[in-house]
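1. sequence and predicted model, in that order:
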Amino acid sequence: MVRIVLLAVLTLVTTGLYLNSFPGSFHYDDYPLLLENPLITGEAFPLSTFWSHYWGRPLTLATFRIEYSLFGSDPFFFHLANYLLHLCVVVLLFFVVRRYIGGDGLAFSTALIFAVHPVQSQAVNYVWSRSVLLMAVFVLLTLLVWRRFPLLGLIIAQLAIWSRAEGVVLGLLLILLMPRWWKWVSVLIGANLAILAGALWRDSGAGVGWNHSDPVSYWLASPAVRKVLRSAAEVIFMAPTLHLQAKNVKHVVGYELCFTFHAARPVHYHTWPKLRPTQPGQDGQRSPHRRAQPGPSHTNPRNGPV
């Protein structure tokens with residue numbers, strides 16, 4: 001009952017906050033990339049788009065195509081869809097935090113901050129930014145099902161990548177959560193990166209992308225590339241410290257979510273809670289990276305001793 005009340009409060013707060021977005025209209029890239037895009041307003045949406053237009057976020061384009069065929073160019077329905085996706089992200093974030101960290105109070109406060117944070121307003125009010133919302137929905141769904149249904153998780157992860165190419169960073173987190181699935185995740189991410197590189201090579205104009213006189217500098221100067229590289233480097237750097245143990249999954253998930261949604265800067269690694277030493281009888285020795293903590297140890301019924 002308490003959980004239902006908390007979810008109802010999140011729904012009411014999110015709805016009240018974004019009610020004023022519905023009278024909004026299209027603006028900026030909504031015109032050239034959405035209303036003037038033949039893939040959305042034309043007669044057909046070829047399935048080849050899903051492997052030939054990675055730069056255009058094919059699943060996001062498909063949602064725009066469906067909406068345009070049903071409601072035309074009425075901006076109300078496009079804003080409504082963005083609001084509903086944002087609400088889904090808020091609710092899913094509540095359950096992800098509750099599963100990996102625990103506690104309805106912490107899950108509620110995290111989801112509430114995410115729902116009202118001003119940085120989210122662009123993704124909700126700017127129709128073309130739907131790719132961020134759609135990717136977030138599938139990323140969180142993947143985290144919810146990954147440890148029990150990994151095959152289903154891989155399918156949902158592919159939907160996240162089709163929503164926005166930056167979703168490939170999710171592969172690093174999936175490997176950290178379940179290292180034995182690293183081969184399957186590597187195949188998924190490698191195939192997507194190869195198709196993305198091919199699409200960029202084929203569709204880049206003169207002086208753009210691979211056709212630039214200095215392509216390495218061009219791509220390193222791209223904000224999206226810098227975000228992906230930074231996120232990947234930070235996760236890889238933290239892996240030895242976290243030991244990839246189930247009891248530390250909550251730190252990995254929390255850290256990666258900060259990068260995935262860019263809602264807030266993550267705290268620096270040395271400010272995280274110190275990890276407790278390994279309890280006797282688990283692996284027979286204490287990790288050199290861990291420091292002893294005074295006081296009695298506690299047991300988390302889901303993840304074991306902490």
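-> That came through, no problem.

2. any idea how far residue 115 is from residue 23?
-> Distance check for residue 115 against residue 23: by CB to CB, to the nearest Å, it reads 21 Å. (Glycine included, C-beta is placed from N, CA and C.)

3. and these two? Which one has more around it.
-> residue 115 (22 against 9; other CB atoms under 10 Å).

4. with only the CA atoms kept, save the host helix or strand of the more buried one in CSV.
-> Using DSSP states H and E, residue 115 falls within helix 104-116. The C-alpha trace of helix 104-116 is given here as CSV (Å, rounded to 0.1, in the frame of the first residue of the first chain):
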residue,chain,number,x,y,z
ASP,A,104,11.2,2.5,-0.7
GLY,A,105,12.3,5.8,0.9
LEU,A,106,15.6,6.0,-1.0
ALA,A,107,13.9,4.8,-4.2
PHE,A,108,11.2,7.4,-3.9
SER,A,109,13.6,10.3,-3.1
THR,A,110,15.8,9.3,-6.0
ALA,A,111,12.9,9.1,-8.5
LEU,A,112,11.4,12.3,-7.2
ILE,A,113,14.7,14.3,-7.7
PHE,A,114,15.0,12.8,-11.2
ALA,A,115,11.4,13.7,-12.0
VAL,A,116,11.7,17.4,-11.0
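
5. on the three-state scheme, the closest residue to residue 35 other than its chain neighbours is what?
-> In this structure, residue 35 finds its nearest non-sequential neighbour in residue 73, 5.9 Å apart by CB to CB, 6 or more residues apart in numbering. Assigned with DSSP: H, G, I helix; E, B strand; the rest coil, residue 73 falls in the coil class.

6. surely residue 73 meets residue 36?
-> No. In this structure residue 73 lies outside contact range of residue 36 using CB atoms under 8 Å: 10.6 Å.

7. buried stuff in the helix holding residue 115?
-> Neighbour counts over helix 104-116 (16 or more other CB atoms under 10 Å) mark 107, 108, 110, 111, 112, 114, 115, 116 as buried.

8. which one of those sits closest to residue 48?
-> Nearest to residue 48 among those: residue 114, at 35.7 Å, using CB to CB.

9. so what pLDDT did the closest one get?
-> You'll see residue 114 listed with a pLDDT of 92.

10. measure it to residue 148 for me?
-> In this structure, residue 114 and residue 148 are 24 Å apart, going by CB to CB.

11. with residue 95 instead?
-> Between residue 95 and residue 148 the computed distance is 13 Å (CB to CB).

12. higher neighbour count, these two?
-> Under the neighbour definition other CB under 10 Å, residue 95 and residue 148 were set side by side, and residue 95 has more, 17 against 8.

13. where's the more buried one, which helix or strand?
-> helix 75-100.

14. name the helices or strands packed onto that helix?
-> In terms of contacts (3 or more CB pairs under 8 Å, 6 or more residues apart in numbering; DSSP states H and E), helix 75-100 is packed against helix 2-18, helix 58-71, helix 104-116, helix 121-125, helix 130-145, helix 249-261.

15. could I get the ones you listed as TSV with distance to residue 198?
-> Converted to TSV, these look like this (distance: least, CB to CB, whole Å):
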stretch	distance to residue 198
helix 2-18	38
helix 58-71	14
helix 104-116	35
helix 121-125	28
helix 130-145	20
helix 249-261	25
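
16. which residues are in contact with residue 65?
-> Applying CB atoms under 8 Å, 6 or more residues apart in numbering, one finds that residue 65 lies in contact with 39, 40, 45.
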